[in-house]
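Visitor: what would the 3D arrangement of this be:
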Amino acid sequence: MIKLGVLVNLNQQSDIAQKIKEVRDMGFASCQISCWDPTCYTDAYAEKIKAAMAAYGVSVSTFWAGWTGKGVWNFYDGPATLGIVPEYARFQRILELKAGSDFAKTLGVDQLATHAGFLPENPCAENYRGVICALREVAEHCKANGQYFLFETGQETPVTLRRVIEDIGLDNLGINLDPANLILYGKANPIDALDTIGQYVRDVHGKDGNYPTNGHDLGMETPMGEGKVNFPALVARLKELGYDRTITIEREISGDQQKKDILSAKKLLESLI
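Guide: Here you go, the predicted model:
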């Protein structure tokens with residue numbers, strides 16, 4: 001049966017025990033931990049997280065590892081700044097993703113996810129081979145740690161993502177399906193995308209949004225049920241594919257409204273699963 005979780009953001013200022021308590025207080029027993037600050041990757045911080053997980057009965061489905069340096073989330077500067085696609089940032093970000101994998105292993109988490117960047121649509125492009133080699137290096141590190149390496153969807157078409165997975169050629173590759181991102185980036189209808197990449201999906205973000213309205217900026221995220229993601233059809237298709245893992249609710253705002261939207265999304269998804 002599909003389970004529900006919620007995304008937890010981690011940084012040096014986080015009261016991780018309080019964040020995990022809030023996960024339980026909202027009625028979840030699962031979360032993804034997202035961290036963009038590699039300085040958090042210490043044994044002491046890992047022990048705090050594990051203590052909180054044990055105290056509140058919360059498990060971590062996937063550790064979501066970010067990376068440092070410039071990142072611009074639009075269609076003009078995004079391809080040159082995001083993920084390990086930009087050559088100037090590739091070496092450092094490979095190291096950071098490997099460190100994230102090691103930290104996740106310390107937590108006992110067997111999946112690492114990230115945004116790899118705007119993966120080249122053209123497999124004959126000059127930088128395609130370098131991107132594949134870099135991703136293989138990270139995925140091999142995850143494999144040695146007993147982990148799957150997951151690509152979060154959005155910045156590439158489904159067929160490009162499938163080609164990248166096939167070209168890397170390892171058996172520990174998967175997808176963190178973010179249905180809203182496929183829409184926000186204008187790359188695909190998420191239900192149709194499952195015809196191409198469904199077999200690789202190992203975690204899902206419960207997030208909604210609208211298509212871009214210009215050629216420069218991403219579409220806008222919305223509360224679940226107010227955007228273009230057809231969640232009844234999405235959940236039904238996931239069930240057809242035999243998906244029985246987690247839908248992790250993500251709402252990229254803060255404050256009281258974020259909690260209200262998360263609980264509303266929880267109610268909607270519970271009616272579907």
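Visitor: grab the most central residue of the chain for me.
Guide: E152 (4.4 Å; C-alpha atoms, centre = their mean).
Visitor: which SSE is the nearest residue to that residue once chain neighbours are set aside in?
Guide: Once flanking residues are discounted, E152 sits nearest to N176: 4.4 Å by C-beta to C-beta, 6 or more residues apart in numbering. Backbone N, C-alpha and C define where each C-beta goes, glycine included. Secondary structure from DSSP states H and E places N176 in strand 173-177.
Visitor: how much space between N145 and I33?
Guide: In this view, N145 and I33 are 16 Å apart by C-beta to C-beta, to the nearest Å.
Visitor: what about these two, which has more around it?
Guide: Per other C-beta atoms under 10 Å, whichever of N145 and I33 has more neighbours is I33, with 25 against 19.
Visitor: could I get the average pLDDT for the helix or strand the more buried one falls within?
Guide: Element membership of I33, judged by DSSP H and E, is strand 30-35. Here strand 30-35 scores 97 as its mean pLDDT.
Visitor: how about it as CSV, C-alpha atoms only?
Guide: In CSV, the C-alpha atoms belonging to strand 30-35 read as follows (Å, rounded to 0.1, in the frame of the first residue of the first chain):
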residue,chain,number,x,y,z
SER,A,30,7.7,8.9,7.1
CYS,A,31,9.7,11.8,5.7
GLN,A,32,12.3,12.8,3.2
ILE,A,33,15.2,14.9,4.7
SER,A,34,16.4,17.6,2.4
CYS,A,35,19.8,19.2,3.1
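Visitor: what sits up against that strand?
Guide: Residues from elsewhere that reach strand 30-35 (C-beta atoms under 8 Å, 6 or more residues apart in numbering): 3-11, 20, 23, 41, 49, 58-66, 100, 103, 107, 109, 113, 203, 246, 248.
Visitor: specify the next element, helix or strand, located C-terminal of it.
Guide: Strand 30-35 is succeeded, C-terminally, by helix 43-56 (DSSP H and E).
Visitor: tell me which residues in that following helix are buried?
Guide: Under the neighbour-count criterion of 16 or more other C-beta atoms under 10 Å, helix 43-56 has 45-46, 48-49, 52-53, 56 buried.
Visitor: point out the other helices and strands that the helix or strand that contains A139 packs with.
Guide: If you go by DSSP H and E, A139 is part of helix 128-144. Of the remaining helices and strands, those touching helix 128-144 by 3 or more C-beta pairs under 8 Å, 6 or more residues apart in numbering; DSSP states H and E are helix 87-107, strand 148-152, helix 158-168.
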